[in-house]
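> Make a model of this:
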Amino acid sequence: METGLSSAQLERAGGGAALFGYDKRAEGDLVGTLYDLKRDGNGGNRECDYTRDVRSLVEARFSPKALKGFYRVPKPLYLSRLLLPYTAAGEAPKVFGVEGKMDARQWIIHYTGRFQHYLPGRYRFAGDFDDILLVFVDGELVLESNWGEPITDFRPEENVDKYVSFTTKPITYGKWFALKPMQPARIDIVIGENPGGWVGGFLLVECEGRPYARDEGSKTAEDPSGRAILPLFSTQPMTDDDLALIRGIAHSNHFAIAEDAPVMGVRGDDVVARYAAAKTAGERDRNADIAITIE
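Predicted coordinates:
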């Protein structure tokens, strides 16, 4: 049966759903780099003003020149989807190979790469992360979720403080942006922790006009529809480990996430292209005009 899983995904299957990313890259994943803002680019100590420092990187759109001002942990990790149950902030230095060499505070992880989808239309992200979550599409800020002082002037316009996530904070819904069919766009995702302690959060994606199941527990007299149960933003098809994590959060935190996540990674194989062609043909067949010629 065709699962869409790449050989790299199959090789790493059974190792559990990665917290901050995988050691082994599957084609289409985003590349994640950990930066210690308490040290300069040469590894020397520096005075960190977390909000000011992250703001300076945002203004520079996380350019290589701006990032050189902070210590870059050499080991990268590879992100397929962002779903992190609450865990100790020290897990970030640990999985990046610098446990004991870096205090688990005042750090960011910058994930970057490209994404696409076969369905054209408008999309938006929704998410939350303790302490910060920033998302850029082709250099434009489309989402900021922040537990502290705002980094940017981004302010959500829809579903403001309406639905609560498993972090106990409201889900932030981002700005709509357009995608053309199978045309890659750049994406930058930044998560970070300031004081240390605990981290956790997620990033979902919504396609405008698509029907989604609704969360029964969020329905009220004022909001009879309830929260749309959105899927994770994912660059790869879901593995059994991913689904187990989603179901575990639904069970323990009563926070539902759709399991049928769209595959939005840019891959060199033809799985996504064949899938897109089949779906497009199916839609065309269902909606085709019928012409009858009588001779």
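
> How is residue 125 classified with respect to secondary structure?
Three-state assignment for residue 125 (DSSP: H, G, I helix; E, B strand; the rest coil): strand.

> Apologies, that question was intended for residue 86.
Strictly by three-state DSSP, residue 86 counts as strand.

> my guess is it meets residue 193, correct?
No: if you go by C-beta atoms under 8 Å, residue 86 and residue 193 don't touch, sitting 12.0 Å apart. The C-beta positions use only the backbone N, C-alpha and C, and glycine is treated the same way.

> residues shared between the contacts of these two?
Common contacts of residue 86 and residue 193, defined by C-beta atoms under 8 Å, 6 or more residues apart in numbering, comprise 130, 199.

> Which stretches in the chain count as helices?
All helices of the chain, identified by DSSP state H, fall at 7-12, 50-59, 64-67, 91-95, 240-253, 271-287.

> Least confident of the ones you listed, on average?
Least confidently modelled of those is helix 271-287, at a mean of 55 by mean pLDDT.

> Quick check: residue 25 vs residue 32, distance?
For residue 25, the distance to residue 32 equals 10 Å [C-beta to C-beta, to the nearest Å].

> what touches both of those two?
Taking C-beta under 8 Å, 6+ apart as the contact rule, residue 25 and residue 32 both touch residue 78.

> Could you check which of those two has the larger neighbour count?
Between residue 25 and residue 32, counted using other C-beta atoms under 10 Å, residue 32 has the larger neighbour count: 25 against 18.

> just checking, that one touches residue 75?
No: contact criterion C-beta under 8 Å: residue 32 and residue 75 do not qualify, at 9.7 Å.

> Can I get stretch 68-88 as CSV, trimmed to CA atoms?
The C-alpha trace of stretch 68-88 is given here as CSV (Å, rounded to 0.1, in the frame of the first residue of the first chain):
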residue,chain,number,x,y,z
LYS,A,68,26.0,35.5,13.0
GLY,A,69,25.7,37.8,16.0
PHE,A,70,24.6,34.9,18.2
TYR,A,71,26.1,31.5,19.0
ARG,A,72,25.0,28.8,16.6
VAL,A,73,24.9,25.3,17.9
PRO,A,74,26.6,23.2,15.2
LYS,A,75,24.2,20.2,15.1
PRO,A,76,21.0,20.7,13.1
LEU,A,77,17.7,18.9,13.5
TYR,A,78,15.1,18.3,10.9
LEU,A,79,11.4,19.3,11.5
SER,A,80,8.4,17.5,9.9
ARG,A,81,5.8,19.0,12.2
LEU,A,82,5.7,21.1,15.3
LEU,A,83,3.8,19.4,18.2
LEU,A,84,5.6,19.5,21.5
PRO,A,85,3.8,18.4,24.7
TYR,A,86,5.0,20.2,27.8
THR,A,87,8.6,19.3,28.4
ALA,A,88,11.6,20.7,30.3
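
> need the contact list for the closest residue in space to residue 238 that isn't next to it in sequence.
Computed as C-beta to C-beta, 6 or more residues apart in numbering, the closest residue to residue 238 that is not its neighbour in sequence is residue 261, at 5.7 Å. Contact analysis of residue 261 by C-beta under 8 Å, 6+ apart lists 81, 205, 231-234, 237-238.

> Which ones among the residues you listed lie within strands?
Judged by DSSP state E, the subset of the contacts of residue 261 located in strands is residue 205.

> and the contacts of residue 261 as a markdown table, adding distance to residue 126?
Listed next are those as a markdown table, based on distance: C-beta to C-beta, whole Å:
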| residue | distance to residue 126 |
| --- | --- |
| 81 | 14 |
| 205 | 8 |
| 231 | 11 |
| 232 | 10 |
| 233 | 9 |
| 234 | 14 |
| 237 | 21 |
| 238 | 18 |
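
> Distance to residue 93, neighbour count and pLDDT for the contacts of residue 261 - can I get that in a markdown table?
Shown next, in a markdown table, are the contacts of residue 261 (distance: C-beta to C-beta, whole Å; neighbours: other C-beta atoms under 10 Å; pLDDT from 0 to 100):
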| residue | distance to residue 93 | neighbour count | pLDDT |
| --- | --- | --- | --- |
| 81 | 22 | 28 | 95 |
| 205 | 29 | 23 | 98 |
| 231 | 30 | 20 | 98 |
| 232 | 25 | 23 | 98 |
| 233 | 25 | 27 | 98 |
| 234 | 25 | 23 | 96 |
| 237 | 30 | 22 | 91 |
| 238 | 28 | 24 | 91 |
